[in-house]
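J.: 3D, please:
(one chain, ligands or ions: 1)
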Amino acid sequence: MEIIHVSAECYPVAKAGGLGDVVGALPKYQSQLGHFAKVVMPMYRTRFLLDNEWDVVHKGRTNLGDWWFDYTVIKEKTNKLGFDLYLVDVFGLLDREKIYGYPDDTERFTAFQICVVDWISAWGHQPDVIHVHDHHSALIPFMIKHCYKYQLLNQIPTVLTIHNAQYQGWMSWDKSYYLPPWDPWKWGALDWNNSINPLASGIRCAWKVSTVSWSYLEELKHSANGLEALFEYEKGKCSGILNGIDQSIWDPSTDHYIRERYNWNTEAEGRRKNKSVLCERFGLDPQKPLMVFIGRLVGEKGADLLPMAISDSFYYIGRKMCFLILGSGFPEIEGQLNALKRLSQHDYNVFIGYDETLSHQMYAGADFILMPSRVEPCGLNQMYAMRYGTIPVVRRTGGLKDTVVDIGVPEGYGILFNWASVGDVSHAIWRAMALYNDKKRLHAIREKMMGLDFSWESSVMQYLELYQIVK
Ligand code: NHF
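T.: Purely as a prediction, here's the structure:
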């Protein structure tokens, strides 16, 4: 099958979160099974662009409303990522350093999607599936179905994967003229609560919709940032497919980012050495258990609970555990986490920013990873952590619930808690402390987690089945 993935992110080209990891991995595994998987994304000005060689494969001219512009599609020459990678360049719009966060993001991603469909319509043949990811590419199913210009494409099956339904790409109706002329009777396929809602439109118009875990799909029916009724209504075409992790990148026995590589046999020694490097760098006591948080410092990830939960834990369990945070996000949360450093007695530190290398070192050197997420569509960090033998302490939600089993049951290997509250997080930290003191059990759990299979193999098959259904 020829599958074209359309996305705003793809690791290692440009990544802001888990979406990038998934789009960097799924097509690779599809290609390994003999399919022609391609990724097309905007040509941001990132390091990857400069470090690699490219062929120009298409030059076109199109418009965003009354603004006409030229665009170029380039292709990476060497198939470096294990699939064909295409970048779309629109001068003045997509040629930025960051992926998101500009006041004209609506214009940027709408123009990107128009270029992609325009380019596909110039191919001379049709792909078997167009697979779009999140709201940045979710207008494509509508465009293919209802824009006159793309009529010839309207039999191409489309699949929308929702990695995060919190962000929907809302735009006001005065921007509807950005889209190439479309059948005005179909305005309802764009509208949700009196504005154009690209994610809602994708859910309506895509042939199939998937979410990145089963539990997340269930949760969306009652908590979807306004789209609950739509998920309930369209449930017949929705399914949950759990993300995998790229086990060739996330492997403690081959990971080049970490000081000491290890497998389940050498885990204890490996962790000890990696931990001592981390602790030295961040002024932490290596004799104590180390709990880390890695991710965006936003309410969605429960990061606002961290300052209180950590200081409460110092009070309840005493200064017996170290905490290390890596992430960036809301300035207030960053400020509170920074302020907490003053109280540290070699047991707390925070690194504001994102650092891929440091994240690997944290998975390899920590004892526990904390994820108090309010919303977690799938969550990859807990799976990375488990692969490194680091125990997840996570809220019972979305993909966390689908991948972690509480130690309360005999086969369990993680710690789950119910509410995104300071009390629940502190209690979970207390349970982690108790587990840490039970060295025999701790070792058995680590060994078990490192043997769990979170690879892409089974998820890839489920996506292929989904494509078969739509074809
Ligand atoms: O794993 C990739 C990721 C998810 O839970 C994660 C999220 C964003 O919030 O599918 O997308």
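
J.: from now on I want contacts and neighbour counts done on CA atoms only, so please keep to that.
T.: Noted.

J.: how about the contacts made by L306?
T.: 337, 422 (CA atoms under 8 Å, 6 or more residues apart in numbering).

J.: what helix or strand does it sit in?
T.: According to DSSP states H and E, L306 maps onto helix 306-316.

J.: in that helix, what counts as buried?
T.: Residues of helix 306-316 classed as buried by neighbour count (16 or more other CA atoms under 10 Å): 306-314.

J.: for the stretch 51-200 of the chain, what spans make up the helices?
T.: 105-121, 140-146, 198-205 (DSSP state H, counting those that start in this stretch).

J.: how about residues contacting the longest one?
T.: Residues from elsewhere that reach helix 105-121 (CA under 8 Å, 6+ apart): 40, 42, 58, 60, 62-64, 71, 88, 90, 93-94, 126, 136-137, 139-140, 143-144, 150, 152-153, 169, 171, 178-180.

J.: that helix vs helix 198-205, what angle?
T.: 40 degrees (axes from the mean of the first three to the mean of the last three CA atoms, to 10 degrees).

J.: list, one by one, the residues from the stretch 201-350 of the chain near the ligand.
T.: Within the stretch 201-350 of the chain, the positions lying close to the ligand (CA under 6 Å from any ligand atom) are V212.

J.: now the strands for the stretch 201-350 of the chain?
T.: 208-211, 238-240, 290-294, 322-327, 348-352 (DSSP state E, counting those that start in this stretch).

J.: pLDDT on the longest one, on average?
T.: In this model, strand 322-327 has a mean pLDDT of 98.

J.: check the second one too.
T.: Strand 238-240 shows a mean pLDDT of 97 in the predicted model.

J.: return the distance of it from the chain's centre.
T.: With CA atoms, centre = their mean, to the nearest Å as the basis, strand 238-240 stands 17 Å off its chain's centre.

J.: then the last one?
T.: Here the centre of strand 348-352 is set off from its chain's centre by 23 Å, with CA atoms, centre = their mean.

J.: show me the contacts for the residue nearest the centre of the chain.
T.: Using CA atoms, centre = their mean, the residue of the chain that lies closest to the mean C-alpha position is G18, 1.6 Å off. Going by CA under 8 Å, 6+ apart, G18 touches 379-380.

J.: from Y29, how far off is it?
T.: Going from G18 to Y29 by CA to CA, to the nearest Å gives 17 Å.

J.: okay, now the unreliable bits of this protein?
T.: Applying pLDDT under 70 to the chain flags the ranges 470-471.

J.: and for the residue of the stretch 51-200 of the chain found nearest the ligand, the neighbour number?
T.: The nearest approach of the stretch 51-200 of the chain to the ligand comes at H163, 4.2 Å away (CA to the nearest ligand atom). Neighbour count for H163, taken as other CA atoms under 10 Å: 23.

J.: now do H35
T.: 16.

J.: with adjacent residues omitted, what lies nearest to it?
T.: In space, and not counting its chain neighbours, H35 is closest to M1: 5.1 Å by CA to CA, 6 or more residues apart in numbering.

J.: can you map out the strands along the stretch 1-150 of the chain?
T.: Under DSSP E, counting those that start in this stretch, the stretch 1-150 of the chain gives strands at 2-6, 36-42, 54-64, 67-76, 84-90, 129-133.

J.: partners of the first one, with directions?
T.: Spelled out, it's strand 2-6. Paired strands of strand 2-6, with direction, are strand 36-42 (parallel), strand 129-133 (parallel) (DSSP bridges).

J.: which other residues reach it?
T.: Residues lying outside strand 2-6 but in contact with it, judged by CA under 8 Å, 6+ apart, are 23, 27, 35-41, 127-133, 137.

J.: which of the residues you listed are buried?
T.: Buried among the contacts of strand 2-6 by 16+ other CA under 10 Å: 23, 27, 35-41, 127-133, 137.

J.: what about the ligand: which of the residues you listed touch it?
T.: Of the buried ones among the contacts of strand 2-6, not one also sits near the ligand (CA under 6 Å from any ligand atom).

J.: quick check: beta-bridge partners of the nearest residue to K237 once chain neighbours are set aside?
T.: Residue nearest to K237 in three dimensions, not counting chain neighbours: K208, with 5.2 Å by CA to CA, 6+ apart. Beta-bridge partners recorded for K208 (DSSP bridges): V159.

J.: first-to-last residue distance for stretch 410-427?
T.: Its first and final residues considered, stretch 410-427 spans 20 Å by CA to CA.

J.: what is the distance between that stretch and the centre of its chain?
T.: 22 Å.

J.: flag every buried residue along it.
T.: Those would be 413-417, 420-422, 424-427, for stretch 410-427 by 16+ other CA under 10 Å.

J.: for stretch 239-252, same thing?
T.: Buried-residue list, stretch 239-252, by 16+ other CA under 10 Å: 239-246, 250-252.

J.: tell me which residues are up against it.
T.: 22, 25, 209-217, 255, 258, 261-263, 364, 378, 380, 383-384, 387-388, 399, 454-457, 459, 462-463.

J.: can you redo the buried residues of stretch 410-427 as a markdown table with distance to the ligand and secondary structure?
T.: Converted to a markdown table, these look like this (distance: CA to the nearest ligand atom, whole Å; DSSP: H, G, I helix; E, B strand; the rest coil):
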| residue | distance to the ligand | secondary structure |
| --- | --- | --- |
| Y413 | 20 | coil |
| G414 | 17 | strand |
| I415 | 18 | strand |
| L416 | 16 | strand |
| F417 | 17 | strand |
| A420 | 16 | coil |
| S421 | 19 | coil |
| V422 | 21 | helix |
| D424 | 20 | helix |
| V425 | 19 | helix |
| S426 | 22 | helix |
| H427 | 23 | helix |
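
J.: so which of those is the closest to A444?
T.: Y413 (9.0 Å; CA to CA).

J.: give me the domain ranges for the protein.
T.: Per automatic domain parsing, the structural domains of the chain span 2-244+456-470, 267-450.

J.: so what would you say the end-to-end distance of the shortest one is?
T.: The one in question is domain 267-450. 9 Å.

J.: stretch 338-348 too?
T.: First residue to last in stretch 338-348 (CA to CA) measures 10 Å.

J.: quick one: S201 and V129, what's the gap?
T.: For S201, the distance to V129 - CA to CA - is 18 Å.

J.: any idea how far K320 lies from the ligand?
T.: 30 Å (CA to the nearest ligand atom, to the nearest Å).

J.: check contacts around the residue nearest to V73 when sequence neighbours are not counted.
T.: In this structure, V73 finds its nearest non-sequential neighbour in V88, 4.6 Å apart by CA to CA, 6+ apart. Contacts for V88 (CA under 8 Å, 6+ apart) come out as 40-43, 71-74, 94, 112, 115-116.

J.: so which bits of stretch 254-270 are buried?
T.: Neighbour-count burial for stretch 254-270 flags 255, 258-264, 267, 270 (criterion: 16+ other CA under 10 Å).
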